[in-house]
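K.L.:
could you look at this predicted model? Sequence included:
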Amino acid sequence: MKKILITGGCGFIGANFLNHFVPKMPNVTFVNVDKLTYAGNPLSVASLESRQNYHFEQVDICDSDLVVATFEKHQPDTVIHFAAESHVDRSIHGPRDFVLTNVVGTLNLLDACRTLWTDFAGKRFHHVSTDEVYGSLTDEGKFLETTPYDPSSPYSASKAGSDHLVRAWNRTYKLPVTITNCSNNYGPYQFPEKLIPIMIINILERKPLPVYGKGLNVRDWLYVTDHCDAIMTVVQNGASGETYNIGGNCERANIEVVQTICDIVSELANLDKGESRDLITYVTDRPGHDFRYAIDATKVKTELGWSPKETFETGMKKTVQWYLDNTAWIDGVRSGKYRDWMDKNYSQRGK
Ligand code: NAD
Ligand code: DAU
């Protein structure tokens, strides 16, 4: 592995991946290919700009000619594909961009690898995917790699489509691929449209904390650098053609998550805990809202030796502290487009 092309390296997980590995791996060159949508922020990787082993290219992966030209220019031996439209609520308001980027964008990358890698030895296409492709669990059971796909939202359907393409390129063309399906991430640089950053920022600003439905939906939370370590482990040691589920074994109902954030933010920012919890406001539910996600990560643990380092409590404290220390980053992402989205999404949710 000498040159890795990372797609979506200015987004939440991609930026954490690059900030984590570029300084640690000076003998590997990282090429960050990102369109810079509303969710892509060059500020998140600003500290890497002066490094010899880091390059940035502004590329829309839906533009197949530009994808091919970028491959020809940089000649990567490894691709780690993070780029996606990633927010479920946005996919409900406007599904088209999700199909274009998540399905057609993935097709363009797979085809660039298939046609430009003349020899597949030492090559790897790694696809970063989600547990949402498996649909919704009841109170029982966990997702295994063999769980049938049953996506609920336009977002998860588009990610399911991209997973199928990746497997098909392996079976049909023998392209060396791996896939990881991960549960909910949290940590630094997460765009404030997702549950955890919205709650942290609204508590600090003493604004209502919008909890969908009754707040009883369950997610399995993982600190973002634990996810990044899992991806690197799979890229380096995972077998081609294999899928690995990644999760934190950390199930929490949304209301518990929000209450925990209220308490941690109040403690670290010197605010009244009771007043923070009083901001919790139950709002109209997300259509098609999956009830529960839970990952069985036995395969990646036993076969590849990965396990998470952070607990929910340690990871959440680090996350809150990061948002407290990085108000310039928060101000930077809260452009006019961000305010338009907040108005559109939350004005339609009656209490
Ligand atoms: P994000 O929305 O924060 O970032 C997405 C990045 O992709 C942005 O930098 C954006 O500019 C870029 N991008 C979007 N469309 C593009 C295009 N057409 N061409 C090039 N770049 C484009 O997403 P994230 O939360 O960092 O998620 C990264 C990946 O991980 C996604 O594939 C997502 O499905 C997957 N995933 C996310 C989570 C999670 O909890 N966030 C969990 C499991 C899997
Ligand atoms: O499971 C992995 C997935 O996790 C990733 O594939 C997605 O890219 C990522 O966005 C995330 O999807 P979710 O829909 O689970 O994340 P979100 O932060 O949007 O919502 C988490 C839970 O909180 C969900 O049950 C909906 C609820 N919620 C969300 C928001 C934004 C609220 O109650 N209020 C809110 O304002």
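P.N.:
Sure thing, it's come through. Ligands and ions are numbered 1, 2, ... in the order given.
K.L.:
can you tell if the longest helix anywhere in the chain touches ligand 2?
P.N.:
Using DSSP state H to define each element, the chain has its longest helix at helix 154-173. No: for helix 154-173, no contact with ligand 2 is found by C-beta under 6 Å from any ligand atom; the gap never falls below 6.7 Å. C-beta: built from backbone N, CA, C; applies to glycine.
K.L.:
tell me which residues in that helix are buried?
P.N.:
154-163, 165-166, 169-170 (16 or more other C-beta atoms under 10 Å).
K.L.:
check whether it comes into contact with ligand 1.
P.N.:
Yes: contact of helix 154-173 with ligand 1 (C-beta under 6 Å from any ligand atom) involves residue 159.
K.L.:
got the CA coordinates for that helix in PDB?
P.N.:
Provided in PDB are the C-alpha atoms of helix 154-173 (Å, rounded to 0.1, in the frame of the first residue of the first chain):
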ATOM      1  CA  PRO A 154     -33.700   6.600   0.200                       C
ATOM      2  CA  TYR A 155     -30.300   7.000   1.800                       C
ATOM      3  CA  SER A 156     -30.000   3.400   3.000                       C
ATOM      4  CA  ALA A 157     -31.500   2.100  -0.300                       C
ATOM      5  CA  SER A 158     -28.800   4.000  -2.200                       C
ATOM      6  CA  LYS A 159     -26.100   2.600   0.100                       C
ATOM      7  CA  ALA A 160     -27.500  -0.900  -0.400                       C
ATOM      8  CA  GLY A 161     -27.300  -0.400  -4.100                       C
ATOM      9  CA  SER A 162     -23.700   0.700  -3.900                       C
ATOM     10  CA  ASP A 163     -22.800  -2.400  -1.700                       C
ATOM     11  CA  HIS A 164     -24.300  -4.700  -4.400                       C
ATOM     12  CA  LEU A 165     -22.300  -3.000  -7.100                       C
ATOM     13  CA  VAL A 166     -19.100  -3.500  -5.100                       C
ATOM     14  CA  ARG A 167     -19.800  -7.200  -4.600                       C
ATOM     15  CA  ALA A 168     -20.700  -7.600  -8.300                       C
ATOM     16  CA  TRP A 169     -17.400  -6.000  -9.400                       C
ATOM     17  CA  ASN A 170     -15.600  -8.600  -7.200                       C
ATOM     18  CA  ARG A 171     -17.600 -11.600  -8.500                       C
ATOM     19  CA  THR A 172     -17.700 -10.600 -12.100                       C
ATOM     20  CA  TYR A 173     -14.400  -8.800 -12.700                       C
END
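K.L.:
which secondary structure elements does that helix contact?
P.N.:
Where contact means 3 or more C-beta pairs under 8 Å, 6 or more residues apart in numbering; DSSP states H and E, helix 154-173 is packed against helix 88-93, helix 96-98, helix 106-116, strand 124-130, strand 177-182.
K.L.:
give me the angle between that helix and helix 106-116.
P.N.:
Interaxial angle of helix 154-173 relative to helix 106-116 (axes from the mean of the first three to the mean of the last three C-alpha atoms, to 10 degrees): 20 degrees.
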